[in-house]
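[1] fold the stuff below for me.
(chains A, B and C)
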Amino acid sequence: MTASKFPAQRLYPGKLFLRVFVFFVYAVMLCPLIFVIWLSFFKDAILYFPPSGYTLQWYQNAWQNQAFINGFIFSMQVALVSALVGVCLGVMAALGIIRYKFRGNKPVNTLLLSPLLMPGIVTGIAIYLFYLRTENFLDRDIVGTIGGLVLAHICLTIPWTVRLVSASMQGLDPSIEEAARNLGANGRVAFLRITLPMLRPAIVAAALFSFIVSFENLEVSLSLVGPGNTTLPIAIMQYLEFNLDPTIAAVSTVQILLLGVIMLVTDRFVKLSQLV
Amino acid sequence: MSLTVDTHAGRAGRRMGVFLAFPSSLIVFFIIMIPIVLMFRYSFNDYDPINMMREAFTFENYIKFFSDAYYREVFLSTLKVAAICTALALILGFPVAYFLAKTQTRFKSLLIILLVFPLMVGNVVRAAGWMVVLGHAGAANALMQWLGLIEQPIKLLYTPLAVIIGTTAVVLPYMILTLQSVLEGIDFSVEEAAQNLGANVWTTFWRVLLPIAAPGVAAGTMLVFILCMNAYATPVLLGGSGITMMAPSLYGQIAKASNWPFGSTMALILVVATLVMALGANWLIHRRYVKTMAS
Amino acid sequence: MANVSLINLKKQFGKSLAVSDFSLEIADGELVAFLGPSGCGKTTTLRMIAGFLDPTAGRILIGNDDVTAVPVHKRNTGMVFQRYALFPHMTVAHNVSFGLEMRKVPAAERERRIGLALDMVRLTEFKDRYPRQLSGGQQQRVAIARALAIEPKVFLLDEPLSNLDAKLRLEVREDIRALQQRLGLTTIFVTHDQEEALAISDRMAIMHDGKVQQVGTPQDLYEKPANLFVADFLGKMNFFSGRQAGEGQFQTQEGLQLKVAAVAGDTVTIGVRPERTELSSEPASDNSVPVTLKSCAFLGSHIDVVLTGAGQQRLSCQLSNTAAGSSHQLLQEGARLFMNFKATDCVVFSERGAR
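    Numbering: from 1, shown residues only, chains lettered A, B, ... in the order given. Take a look at the predicted model:
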C-alpha cells in the first residue's frame, strides 16, 4: 500500500464518524423488524413501553386464529406451486434465450422481465379486470380462486428465474462444455452432465427466491384474493389497519422467521447482493 | 463471452429455443401484457355505476384527474414523498455503500445479508415495525417522554413524516446495494492519487469519486424513485388518512368506488409519470457526470 | 496416433478472413507449433481441427479419414484448453474418467487408465480432490491427463501455459514435451510465446493475418526466415535497405558497401542477427558499419547494445557476458564504433522493410 501516513491520520476521525454513521443507517433499516419481534413477546395486550413482562401466549393466540392459519397455509400453497412452475418454465426460457439464440430472443427476454417493471398494484388491478372479462367469456370463476392467483404469481417468479439463471449461464466458462464434447460427449450429454450441474446453484437460488417473492407479495395479490382464500401478508395488513398488538406481531414474526431462514439458505447458493 | 456454444445447432437449435421459451412467453403475454393494454384502453371509457364501465373513447378521465385539486394534490404528495425519500436514501446510503465497498472486514458478507434481509420479509411486516416505533404508545414517544423531551406523546403515525421515514427505510437497502456494486468496481488508488496531488477529503469525493460513481448513482436513484412512487403498503399503514398517495388512491378507485375507467387512468398516469421522471433524472445525472469529466 | 493433413483450410467470419489457404502435413508423432501474434488465426485453425468450427473451405484428414464433416465428439482429438476447463463439480478422477465413460470403457479398465494417466502427470494422490482445491499448475496437469486418458489420435493444446506463472510455465512445458515424445503423440501446440515454440516443437508454422508465413524446424525458421515478418517476429534482426551492387555486393541507402554472400538481383533488404555482430573501435571483418552507441542494457547473461546507424536507423548488437569480453570498455554513450559481421551471416529479402 502506498498511501502515505498523513492522509491516513487525517481520515481517522472521519473513519470513526463513518462507522457510527453506518451503524445508525443499519439501525434505521433493521429497527422495525427488531421492534416487531420484541413486541410479539410483550405481556400486555395493549402496546406500551416499557413492557411489564414477557410471554409466549400471543404465539399460541395466533396459532388458534383461523384467519391466520388459513392465510399461512394458503400463502404456502400458492408460493410452492408458483415457485415450482415458475422455475421450470423460467429455466427453460433462459435456456432458449441464451443458449439457442433465436431471432427475436432479445424482445422475448424483455417480455419475460417486464412484469418486474410495473407497479405491483397496477399489475394486480389489470389482471383482476382481465379475469373478470374472461370470467364472463368462459362462464366460470377466476378471481378469488387459487388458480387465478397462482397464475398471476407465476408471472412474478418467471422473471426472477430468468434473470438469475441467465446471469449464471452467461458467467459460465464455455470451454468447459467444449472440453466435454472434445472428450466424446454429444451436445445433449454435455449439456445434461456438465452444464446443467454447473447451473444448479442458480436454479436452486431461483426456486427459493421465487418462493419468497410469491409468499411476501401483497400488491398483486390484493386484487385477486377472495373470501376464505387470502394470503398471510394480506391478512396481516387487514388486521393492522385496525389494530396493533402483540398477536399481529407474533404472526409477523413467524413470517419474518420463515422468509429469513429461506433467505439464509438461498445465500449459500448465490451471492444475494446480485439479486437487486 | 456467453454460453452460445451451440454453433452446430443451427436451425434445429433455434426451433428448440423457441419451443423452450414459448410457454413462459405465452403466460406472460396473456396474463401481463394483454391485461395492461386492456386496462389502459379502459382509461378512455366512461364510468357507469351499474356496469362499472361503458365503451367509449373519451379523455374525460384524464381531464378530471388534472383539473380536480384533490387528485392533483394526491399526485404532488406522491411526487414530494418520492423525491424526499430518494434524496434521503442517496445521502444516507452513499456513505454506507462506500464503507461496504472498501471494507475488508470478515463481517462483510454478514453486513450484506443484513442488508438483504429486510427486503425479503415483506413491506407489510416492515411497516408494522414502524407502527410500533411511531405509534401513540410507541417506542419513539416512550423514549422521548422518558428523556424528558416531551410531556405528552406527539402524533408521529398517520402523518406524511411517518410515510417518509417508513418509505426511506424500505428503499435504503436497494440504494445501498446498487451503489455498492458500482463502487466495488472502482480502483481506489484514484483516491490516493488525488490526495497525493493535494486534494482534501471533500474535493476528492466531489471531483473524483462522485463522477466515477455517477452511473451507479443514476441507476440507484432511478430504481428507488420508481419504488417510492409505486409504494402501497407503507403509505396505507403509516399514512392512514394523514396523506393520500397515488397507489392506494387508485386501488381505492377500483376496489371501493368501482370506477374502473378512472382507476385505470390513474394507473396509466402513475406509470408514465414515474417512467418519464426516472429517465429524466437518469439523463440529468449522466449529463452532469459528462460535464464534470470534461471540465 | 495418426498423421494429420490440413488441405487448403479457409475460415471466413462475415467480412473478415480469419484463416486463408492453410495447408500442412503433420507426420505421425510430430509436435508442430502454431506461432503468431494474437488474431493471426492459429486458434481458429486449431478449433477447426478439433471440430468446434466448420471450415469455410478445405479439408481436414486425420490418419486417412476425412473428418471435415465429423462432429466434435466423434473426432477423437484430445484437447487441452487455456483455462483448463476442468469440470468443477467432479473430482480429479471423475474428470479423467469422463472421456472413458463416453467411450463405454468398462469400469475396471477405466480405473486402470485413470491410474496410468494420473501417474503420468504425477497427480495420483490428488485423485479425489476437486479442481478448486488444486493450484493452477496442478489443474493444467489434470487437464492433460484427462485428454491423454482417451488415447486420442491427435493431441491439441490451445495456449496451455499462458495462464500459469513464469516458473510453472517452464516445468509444465517440459512435462508436456517429455510426455509427447514418450507416447509418440501427434501434437499441435498453439502459442504466442516464441520461446515455448522454439523450445519444444519439431516444426513450427508461423502465422500472420490468417496466412502461414513459413513452416520449418526452429533452426530453419530462425536462421533462414522466409520474409521480413518471420525475421522480425522470431528474435530480433538488424535491417539494411538498398540493392545489389555486383556479385556478393550490396549497397545500402546510406551508401555503405556491404559484402553479402547470398545477395541476388531482387534483394532489397538484408538482415543480420544482433548476436552475430560485434563491436570494435576500428573496422574489422567482412562488414564494418559505422555506428554511434546510444545505450546499453546489462541483462545478466548478455548485454543489449542499442546503436544508431549512419541513416539514423536503430541497430542493435548483442554481446555475451564472457570474461574475455574485450569490447566492453568501448561501451560509452556516444562512442563512435564499428558494428562488424560476416558476409555469410547476412540474410536476404526481396521485400522492402520499413526501418
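[2] tell me how many other residues surround residue C:71.
    Here the count is done by other CB atoms under 10 Å in any protein chain shown, and residue C:71 has 12 residues near it. The way it works is simple: take the backbone N, C-alpha and C, and place the C-beta from them, glycine included.
[3] confidence score at it?
    pLDDT, the model's per-residue confidence, is 88 for residue C:71.
[4] thought residue A:203 was touching residue A:92?
    No. With contact defined as CB atoms under 8 Å, residue A:203 does not reach residue A:92; the gap is 11.2 Å.
[5] helices of the stretch 101-250 of chain B, residue ranges please.
    Here the stretch 101-250 of chain B has its helices, by DSSP state H, counting those that start in this stretch, at B:108-121, B:123-134, B:139-146, B:160-184, B:189-196, B:201-203, B:210-229, B:233-234, B:246-255.
[6] okay, now the unreliable bits of chain C?
    For chain C, the stretches with pLDDT under 70 are C:323-327, C:353-355.
[7] quickly list the domain ranges of it.
    For chain C, automatic domain parsing gives the domain ranges C:4-229, C:236-349.
[8] could you dump these into a markdown table with distance to chain B added?
    Listed next are those as a markdown table, based on distance: least, CB to the nearest CB, whole Å:
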| stretch | distance to chain B |
| --- | --- |
| domain C:4-229 | 7 |
| domain C:236-349 | 29 |
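[9] which of those domains sits most buried?
    Most buried of the domains of chain C, by mean neighbour count (mean count of other CB atoms under 10 Å in any protein chain shown): domain C:4-229, with a mean of 19.
[10] figure out how far it is from the centre of its chain.
    14 Å (CA atoms, centre = their mean, to the nearest Å).
[11] residue C:310 against residue C:254, yeah?
    Yes. Under the criterion of CB under 8 Å, residue C:310 makes contact with residue C:254 at 4.4 Å.
[12] for the stretch 1-150 of chain C, which segments count as strands?
    In the stretch 1-150 of chain C, the segments counted as strands under DSSP state E, counting those that start in this stretch are C:4-13, C:16-26, C:31-35, C:57-62, C:65-66, C:77-80.
[13] neighbouring strands - and their directions - for the third one?
    Strand C:31-35 has the following strand partners under DSSP bridges: strand C:186-191 (parallel), strand C:203-208 (parallel).
[14] I would like the residues contacting that strand, please.
    C:24, C:26, C:42, C:45-46, C:177, C:180, C:185, C:187-192, C:194, C:196-197, C:200-207, C:233 (CB atoms under 8 Å, 6 or more residues apart in numbering or on different chains).
[15] shouldn't residue B:123 be in contact with residue B:169?
    No. Using CB under 8 Å, residue B:123 is not in contact with residue B:169, being 10.2 Å away.
[16] tell me the centre residue of the chain?
    Looking at chain A here, since you left the chain open. The centroid of chain A falls nearest to residue A:213 when counting by CA atoms, centre = their mean (2.4 Å).
[17] switch to chain C, please.
    For chain C, by CA atoms, centre = their mean, the most central residue is residue C:197; offset 3.2 Å.
[18] I figured that residue hits residue C:191, correct?
    Yes. The criterion here is CB under 8 Å, and residue C:197 meets it with residue C:191 at 5.5 Å.
[19] report the buried residues of stretch B:231-246.
    B:231-240, B:243-246 (16 or more other CB atoms under 10 Å in any protein chain shown).
[20] so can I have TSV of the domains of chain C showing distance to residue B:165?
    TSV is the format used below for the domains of chain C (distance: least, CB to CB, whole Å):
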stretch	distance to residue B:165
domain C:4-229	45
domain C:236-349	68
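[21] and residue B:195, which of those is closest to it?
    domain C:4-229 (33.0 Å; CB to CB).
[22] which ones among the buried residues of stretch B:231-246 also lie next to chain A?
    Filtering the buried residues of stretch B:231-246 for proximity to chain A (criterion: CB under 8 Å from any CB of the partner chain) leaves B:232-233, B:236-237.
[23] report the separation between residue A:79 and residue A:152.
    Residue A:79 is 13 Å from residue A:152, where distance means CB to CB, to the nearest Å.
[24] tell me what angle the helix or strand containing residue B:100 forms with helix B:108-121.
    Taking DSSP states H and E as the definition, residue B:100 sits inside helix B:69-102. Counting by axes from the mean of the first three to the mean of the last three CA atoms, to 10 degrees, helix B:69-102 lies at 160 degrees to helix B:108-121.
[25] packing partners of helix B:69-102?
    Contacts defined by 3 or more CB pairs under 8 Å, 6 or more residues apart in numbering or on different chains; DSSP states H and E place helix B:69-102 against helix A:5-39, helix B:60-67, helix B:108-121, helix B:160-184, helix B:210-229, helix B:246-255, helix B:260-294.
[26] export those helices to JSON lines and tack on distance to chain C and mean pLDDT?
    Listed next are those as JSON lines, based on distance: least, CB to the nearest CB, whole Å; pLDDT from 0 to 100:
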{"stretch": "helix A:5-39", "distance to chain C": "32", "mean pLDDT": "80"}
{"stretch": "helix B:60-67", "distance to chain C": "50", "mean pLDDT": "88"}
{"stretch": "helix B:108-121", "distance to chain C": "18", "mean pLDDT": "90"}
{"stretch": "helix B:160-184", "distance to chain C": "22", "mean pLDDT": "93"}
{"stretch": "helix B:210-229", "distance to chain C": "30", "mean pLDDT": "89"}
{"stretch": "helix B:246-255", "distance to chain C": "45", "mean pLDDT": "92"}
{"stretch": "helix B:260-294", "distance to chain C": "31", "mean pLDDT": "81"}
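[27] who touches the residue of the stretch 101-250 of chain C found nearest chain A in this structure?
    As assessed by CB to the nearest CB, chain A sits closest to residue C:102 within the stretch 101-250 of chain C, at 3.2 Å. For residue C:102, the contact set (CB under 8 Å, 6+ apart) comprises A:183-185, A:189, C:73, C:150.
[28] so which one of the buried residues of stretch B:231-246 is the model least confident about?
    Minimum pLDDT for the buried residues of stretch B:231-246 is recorded at residue B:240 (86).
[29] and the residue nearest to it when sequence neighbours are not counted, how far from residue C:77?
    Distances taken as CB to CB, 6 or more residues apart in numbering or on different chains put residue B:158 closest to residue B:240, at 3.7 Å, once the chain neighbours are dropped. Distance, residue B:158 to residue C:77, by CB to CB: 74 Å.
[30] repeat that for residue A:89.
    As defined by CB to CB, residue A:89 lies at a distance of 38 Å from residue C:77.
[31] and the helix holding residue B:100, which residues are buried?
    For helix B:69-102, the buried set under the neighbour-count rule, 16+ other CB under 10 Å, comprises B:71, B:74-75, B:77-79, B:81-82, B:84-86, B:88-90, B:92-101.
[32] now it and helix B:210-229, what's the angle there?
    Using the same axes, to 10 degrees: helix B:69-102 against helix B:210-229 is 140 degrees.
[33] now helix B:69-102: mean pLDDT?
    Mean predicted lDDT for helix B:69-102 stands at 94.
[34] so how far is it from its chain's centroid?
    Distance, stretch centre to chain centre, for helix B:69-102: 8 Å (CA atoms, centre = their mean).
[35] try stretch C:228-239
    The answer for stretch C:228-239 is 14 Å, by CA atoms, centre = their mean.
[36] can you give me the buried ones in the helix or strand containing residue A:73?
    Assessed by DSSP H and E, residue A:73 sits inside helix A:66-94. Residues A:67-68, A:70-72, A:74-76, A:78-83, A:85-94 are the ones in helix A:66-94 that count as buried (16+ other CB under 10 Å).
[37] repeat that for stretch B:11-18.
    Neighbour count says stretch B:11-18 has B:13-14, B:16-18 buried, by 16+ other CB under 10 Å.
[38] can you add distance to residue A:124, pLDDT and secondary structure and give those residues back as a markdown table?
    What follows is the buried residues of stretch B:11-18, written out as a markdown table (distance: CB to CB, whole Å; pLDDT from 0 to 100; DSSP: H, G, I helix; E, B strand; the rest coil):
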| residue | distance to residue A:124 | pLDDT | secondary structure |
| --- | --- | --- | --- |
| B:13 | 38 | 77 | helix |
| B:14 | 36 | 82 | helix |
| B:16 | 34 | 85 | helix |
| B:17 | 32 | 87 | helix |
| B:18 | 30 | 89 | helix |
